[in-house]
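>>> what follows is a predicted protein model with its sequence.
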Amino acid sequence: MTVDLLVTDGALVIVDCVDGVGFQTKLVLRQALGERIKPVLFVNKMDRVLHELQLGKEEAYQLLAETVESVNAVTSTIPDDISCLGDIHCRPQNGTVAFGSGLHGWGFTLSNFASIYSAKFGVPKAKLVEKLWGDNYFDAEARKWTIQSQSASGKPLQRGFCQFVLDPIFQLFATVRN
């Protein structure tokens, strides 16, 4: 235990989405939870995913989801005596995960994008936040969300996160690169 953790209200855990959760991160995360400090996750270095690795949107989503799951795997190993904190898992849908690039000075949460689309489509922001992560696909033909990766007519659908979050980011990066 360090003295720093004794006077802390929260813990911002920053994880490189390409390199994943390191030993030191696991150690500090366990230590913070042991002191009943609830973590918030920043999935960093998304610029590397776009520029260096040049992953497609679905592959990028899978990498980001794996990073979040790796952090939650560590929090799952913590004894149940910290139930006073409530849900200690980091979940993009409830605002405890942000994504971005520290190097380039940008970041976002699902709530940021849900706010934009809520105003544009007239759908409640809370509903959109839930749809922008996980196995949720928007079927433009049927004009509804589904958990199926294909439309009723058999066309492949993009995951909501890929379509409504990563697509604008990828477009912006492509414009800046050119």
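Looks like it came in fine. Residues are numbered from 1 along each chain as shown.

>>> all helices of this protein, in order?
Applying DSSP state H to the chain gives helices spanning 3-6, 23-34, 46-47, 57-75, 110-121, 125-131, 160-161, 167-177.

>>> need the winner for burial among those.
Of all those, helix 160-161 has the most neighbours on average by mean count of other CB atoms under 10 Å, namely a mean of 25. All C-beta atoms are positioned from the backbone trio N, CA, C, and that covers glycine.

>>> which residues sit against that helix?
61, 131-134, 136-138, 145 (CB atoms under 8 Å, 6 or more residues apart in numbering).

>>> Throw these into a markdown table and include pLDDT, thanks.
As requested, those are arranged in a markdown table below (pLDDT from 0 to 100):
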| residue | pLDDT |
| --- | --- |
| 61 | 97 |
| 131 | 96 |
| 132 | 97 |
| 133 | 97 |
| 134 | 96 |
| 136 | 96 |
| 137 | 96 |
| 138 | 93 |
| 145 | 93 |
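
>>> ok, which of the helices of the chain comes nearest residue 90?
Of all these, helix 57-75 sits nearest to residue 90, with 5.4 Å by CB to CB.

>>> can you list contacts of the closest one?
Under CB under 8 Å, 6+ apart, the answer for helix 57-75 is 13, 15, 17-18, 20-21, 25-26, 29-30, 33, 39, 41, 43, 46, 49-50, 55, 88-92, 97, 99, 158-159, 161-163, 166-167, 170.

>>> where does pLDDT dip in this protein?
Applying pLDDT under 70 to the chain picks out residues 1-8, 79-86.

>>> spatially central, which residue of it would that be?
residue 92 (4.5 Å; CA atoms, centre = their mean).

>>> not counting its neighbours along the chain, what's nearest it?
residue 133 (4.5 Å; CB to CB, 6 or more residues apart in numbering).

>>> okay, now the one you found: neighbour count?
Residues near residue 133, counting by other CB atoms under 10 Å, number 21.

>>> contact partners for it?
Applying CB under 8 Å, 6+ apart, the residues near residue 133 are 91-93, 110, 160-161.

>>> one more time with 7 Å, if that's ok
92-93, 110, 161 (CB atoms under 7 Å, 6 or more residues apart in numbering).

>>> ok, residue 108 - contacts?
Per CB under 7 Å, 6+ apart, neighbours of residue 108: 98-100.

>>> now the closest residue to residue 142 other than its chain neighbours, what are its backbone angles?
Closest residue to residue 142 apart from its sequence neighbours, by CB to CB, 6+ apart: residue 152 at 6.2 Å. Note on residue 152: its backbone torsions stand at phi -60, psi -30 [degrees, to the nearest 10].

>>> over to the one 3 residues further on?
Backbone torsions for residue 155, taken as degrees, to the nearest 10, come to phi -80, psi 140.
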